[in-house]
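Novice: just to be clear, the model below is a prediction. Sequence and coordinates:
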Amino acid sequence: MATPMAASKVAPAGLARTEHYGFAMSVDLEASLPTPIPLAAVMTTARGTLAELLGVDTTPELSVIVDRRYEQGRRMTVGRQLGEAELLSATIGHPIDPDPDGSPGSIHYEIDISGSNDGLWLMVIDHEPEAGGEVEAVFSPYRTCVSVVVATAMALAVADLAGGEFIDEQIQMLRPGHTDPRHVVTATRLPPGQDGFATGCERYLRQFPHLDGWPRDVSMP
């Protein structure tokens, strides 16, 4: 997918993100949205799903950012964090008007993870009828364990809330893949432990040996 502000800002496997986002490809996790859902509910449910996946009681705050501007892959502005009232009033999953050039309509957000430089992009896209005609949430994480696991939790939360499907065609944590979000949570969640958050994210992804230690970086410095 094209990420919100530039061609892509997710590093190749094993490389850390810097303030220069000149990377060519993203890795996506997706959720179908047959029913519109409030963005506030997504954020709350995502943190609960994240805690369940990692077997922990607390997880970092997740912030929704808009109006962050880039030029030639370089972040130029910090953007604006949506407040509680805005999150409560924002809904994803409704039909989106096509762009002026005729391409499918889309809405873009960035998700910052407190206590780290990790994050991800969220694009909500309304596909054309010939492509299935459904609204879909696409999560593109930085290639770190923390970012990938948070993106996984968010995609699972959206699919669960909307009664949709969880789609992991690129990373393929489970083989064969499963689209039922509750099945994925049950099949992959870690037992309760004493790990720190970042360590827990790494341990979650290391349970899939076919990923061969991907992503190499646990968290952004």
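Specialist: Sure thing, it's come through.
Novice: neighbours around Phe166, how many?
Specialist: Residues lying near Phe166 (other Cβ atoms under 10 Å) number 25. In short, each C-beta sits where N, CA and C put it, glycine included.
Novice: look up how far Asp212 lies from it.
Specialist: Taking Cβ to Cβ, to the nearest Å as the measure, Phe166 falls 23 Å from Asp212.
Novice: and if you look at Ser140?
Specialist: Ser140 is 21 Å from Asp212, where distance means Cβ to Cβ.
Novice: could you pull up the residues touching the nearest residue to Pro34 once chain neighbours are set aside?
Specialist: The shortest distance from Pro34 to any non-neighbouring residue, by Cβ to Cβ, 6 or more residues apart in numbering, is to Gly164 (5.3 Å). Contact analysis of Gly164 by Cβ atoms under 8 Å, 6 or more residues apart in numbering lists 31-35, 158.
Novice: among those residues, which lie within strands?
Specialist: 31-32 (DSSP state E).
Novice: any chance you could map the helices in the chain?
Specialist: Using DSSP state H, the helices of the chain run over 39-54, 84-89, 145-162, 181-188, 197-206.
Novice: burial count for Ser219?
Specialist: For Ser219, the count of nearby residues is 21 (other Cβ under 10 Å).
Novice: oh, that last question was meant for Thr35, not what I typed.
Specialist: As a burial measure, Thr35 scores 12 neighbours (other Cβ under 10 Å).
Novice: what's the distance between it and Val158?
Specialist: Here the criterion is Cβ to Cβ. By it, Thr35 lies 10 Å from Val158.
Novice: okay, Ser140 and Asp212: which has more neighbours?
Specialist: Under the criterion of other Cβ under 10 Å, the comparison of Ser140 against Asp212 puts Ser140 first, with 27 against 8.
Novice: so what's the more buried one bridging to?
Specialist: Trp121 (DSSP bridges).
Novice: can you list the low-confidence ranges for the protein?
Specialist: The chain contains residues with pLDDT under 70 at 1-25, 102, 127-133.
Novice: how about a cut-off of 50?
Specialist: Along the chain, segments meeting pLDDT under 50 span 1-24, 130-131.
Novice: from Met123, how far off is the residue nearest to Pro34?
Specialist: Noted for Gly164: a distance of 15 Å to Met123, by Cβ to Cβ.
Novice: residue contacts, the residue nearest to Gly105 when sequence neighbours are not counted?
Specialist: Closest residue in space to Gly105, ignoring its immediate chain neighbours: Ile96 at 3.3 Å, by Cβ to Cβ, 6+ apart. For Ile96, the contacting residues are 104-107, 124-126, 135, by Cβ under 8 Å, 6+ apart.
Novice: same question, Leu62
Specialist: Applying Cβ under 8 Å, 6+ apart, we find Leu62 in contact with 43, 46-47, 111-114, 150, 154.
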